[in-house]
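Novice: coords below, sequence missing:
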């Protein structure tokens, strides 16, 4: 039977639809159109020319940045998920309800401060004359170059993603049916095996969504690669600014942005499909 | 009081109404007097509309600046092209972008007799790019040199006095680039011995690219404005390409061990100038501001601007600076009657930073991206 569209259902669905249209579909459509515009003497002119796509896709530096950004984001996603899991597991299963509330609050606190400020403060720790190398010096060790490296970029990605990933994993772990864990233990399943064969599969959706968020945030991040990675190597977000900084090449920047959006959509669909695979049968 | 009584007192109805209306309007008028602060919009690099620069002018003219800061000429052009005509009353631009502004019709023609060009050094009285024939479009307000910026604890001035220092083993992984192709590649072109660094043929351009690529293993990072400041200040980078005293001067004044030097192969010159935005409704006030900032008093302020110091083209401005802030005049070598920064220009050691002439801007930018990604 076909469902009738009622005023009641419209009241709840229209705002979301309008929001999506105004803040996602229209800008995206404009971005697509912009990618076909041309630039002459620093001025953008509406046109339908594929030159921007041909030029950007024909440049090795674009694909190099694309591969690098993809690898960095995937690395950040995996690393954050692995490091966050023991933390969220402990909060979900080992803490008392009161302590759990406190831990959740602690995970929210980092969001009170600007991400840019947090990243800048990492410079004080990671620079050659910084706190970490100062401590190493006290133990007689040589300073280690950390700032302006991929390592530092990864620290920035962790700063950005870690609290969110812990929270997302935590909300998934908290709602696992505890009787499944008890059953596993009753069947003489070891603690570690229980984690891998009961806990993780049960919390799969939340864990995958958490990893997906880490990927999305890292893939488009500009702050960490610039202020901790020293802008070297070039990620896609840096390439966008480079492209707009010279000659007003916004249409070419639109090509990069659309490629990023396409990649994120593909990764998101793949991740969600994997997360819900086998469910609802 | 009846109507007849009113007439007897010599107060006609018309007079009464006029007086009443005037009385009622008085609070409005007085409000207007106090609220008449005019708003002047300025499109500029950061710092130009900060209190240290504009407070005096604002107080004297009952005006309030509303700045919109940009980071680079392309950003500036983008902001203007995306705004309605007349959005910006005053526009600050680097010299190489004034012609673009003029070609696009974004700025008004100026009357040269309105400005104190006779007080300027002759080199700046008819600055290239600011004029189209005899028509003036922009008035130079400050300039500076780009050379080798270095950490004085890591390198000596003698070492830094050649672009070869960029390849020095002492700074492997410690060479920073201000992330803009134009000054960096201009410097590489100078290092390759091109007398006009931006007017080079295909062979010379290939040589510049090769030379630049050989520098890549030395590079520790590519930095924006803020990153350049912090990495020089905390000693993370020991030398920098693409900048000059406009960055190191601020740090030096705050006690950091950094300086800039013009190397033997020559340096580049950046120039900032003010124009009046096309269609500005406050062109007269905008003109007044340009007159103020290019006057001796305004120029002395501009030389010591808190955001970043600069050299000034007004000779009388040099006199005021030497009187008010002798230390800064000495630090920037802007002292009349002795060897000073003008000698570098006159000796041919300084070339204008400009857009590439024989290659497209795109070619230079694309190569810069390749260099960064290498």
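Specialist: Sure, I can see it. On a predicted model such as this, the values are computed, not experimentally measured, just so you know.
Novice: CA atoms for contacts and neighbours, from now on please.
Specialist: Fine.
Novice: Which secondary structure state is assigned to the closest residue to chain B within the stretch 101-250 of chain A?
Specialist: In the stretch 101-250 of chain A, the residue that lies nearest chain B is residue A:230 (4.4 Å; Cα to the nearest Cα). Three-state assignment for residue A:230 (DSSP: H, G, I helix; E, B strand; the rest coil): coil.
Novice: surely it meets residue A:148?
Specialist: Yes. Applying Cα atoms under 8 Å, one finds residue A:230 in contact with residue A:148, separated by 4.3 Å.
Novice: intersection of neighbour lists for those two?
Specialist: Counting by Cα atoms under 8 Å, 6 or more residues apart in numbering or on different chains, the common neighbours of residue A:230 and residue A:148 are B:220, B:221.
Novice: Which residue comes closest to the residue nearest to the spatial centre of chain B once chain neighbours are left out?
Specialist: What sits nearest the mean C-alpha location of chain B, by Cα atoms, centre = their mean, is residue B:272, with 3.6 Å. Among residues not flanking residue B:272 along the chain, residue B:94 sits closest, at 4.5 Å (Cα to Cα, 6 or more residues apart in numbering or on different chains).
Novice: Let me know how buried that neighbour is, in neighbour terms.
Specialist: Counted with other Cα atoms under 10 Å in any protein chain shown, residues neighbouring residue B:94 total 22.
Novice: Pull the contacting residues for it.
Specialist: By Cα under 8 Å, 6+ apart, the contact set of residue B:94 is B:73, B:270, B:271, B:272, B:273.
Novice: for the host helix or strand of residue B:69, which positions count as buried?
Specialist: Assigned by DSSP states H and E, residue B:69 belongs to strand B:63-70. By 16 or more other Cα atoms under 10 Å in any protein chain shown, the buried positions in strand B:63-70 come out as B:63, B:64, B:65, B:67, B:68, B:69, B:70.
Novice: ok, of the residues you listed, which one's closest to chain A?
Specialist: Relative to chain A, the closest of the buried residues of strand B:63-70 is residue B:70; by Cα to the nearest Cα it sits at 11.2 Å.
Novice: Could you tell me the model confidence score at the closest one?
Specialist: We have a pLDDT of 91 for residue B:70.
Novice: quick one, what contacts it?
Specialist: With contacts defined as Cα under 8 Å, 6+ apart, residue B:70 is in contact with B:43, B:44, B:45, B:46, B:76.
Novice: Give me the buried entries from those residues.
Specialist: Counted by 16+ other Cα under 10 Å, the contacts of residue B:70 give B:43, B:44, B:45, B:76 as buried.
Novice: follow-up on the earlier one: what's the spacing between the residue nearest to residue B:272 and chain A?
Specialist: Per Cα to the nearest Cα, to the nearest Å, residue B:94 is found 14 Å from chain A.
Novice: Next, that residue: phi, psi?
Specialist: Main-chain torsions, residue B:94, degrees, to the nearest 10: phi -70, psi 150.
Novice: How about the one 10 residues further on?
Specialist: According to degrees, to the nearest 10, the main-chain angles of residue B:104 amount to phi -80, psi 0.
Novice: For the strand holding residue B:69, which strands pair with it and how are they oriented?
Specialist: Strand B:63-70 sits in its sheet next to strand B:38-45 (parallel), going by DSSP bridges.
Novice: What is the subsequent helix or strand relative to the partner strand?
Specialist: Proceeding N to C from strand B:38-45, the next assigned helix or strand is helix B:51-61, under DSSP H and E.
Novice: Contacts for that following helix, please.
Specialist: With contact meaning Cα under 8 Å, 6+ apart, helix B:51-61 is reached by B:47, B:48, B:63, B:64, B:65, B:289, B:292, B:298, B:301, B:302, B:305, B:306.
Novice: Any chance of the residues you listed in a markdown table with pLDDT as columns?
Specialist: Below are the contacts of helix B:51-61 laid out as a markdown table (pLDDT from 0 to 100):
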| residue | pLDDT |
| --- | --- |
| B:47 | 95 |
| B:48 | 97 |
| B:63 | 97 |
| B:64 | 97 |
| B:65 | 97 |
| B:289 | 98 |
| B:292 | 98 |
| B:298 | 97 |
| B:301 | 97 |
| B:302 | 97 |
| B:305 | 96 |
| B:306 | 94 |
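Novice: Quick check: PyMOL command selecting the buried ones in the residues you listed.
Specialist: Buried residues within the contacts of helix B:51-61, by 16+ other Cα under 10 Å, are selected in PyMOL with:
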select buried, chain B and resi 47+48+63+64+65+289+292+298+301+302+305
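Novice: Check the contacts of helix B:51-61 and tell me the two furthest apart.
Specialist: Taking Cα to Cα as the measure, the contacts of helix B:51-61 span a maximum distance of 21.0 Å, between B:63 and B:306.
Novice: Tell me if I'm right that residue A:249 and residue A:241 touch.
Specialist: No. Residue A:249 is beyond contact range of residue A:241, at 9.7 Å (criterion: Cα under 8 Å).
Novice: give me phi/psi at the residue lying closest to residue B:180 once chain neighbours are set aside?
Specialist: Of all residues not flanking residue B:180 in the chain, residue B:242 sits nearest, at 7.5 Å (Cα to Cα, 6+ apart). Phi and psi for residue B:242, reported as degrees, to the nearest 10, are phi 90, psi 0.
Novice: re the thing from before, helix or strand next in line after the strand holding residue B:69, which one?
Specialist: Toward the C-terminus from strand B:63-70 - assigned by DSSP H and E - lies helix B:73-81.
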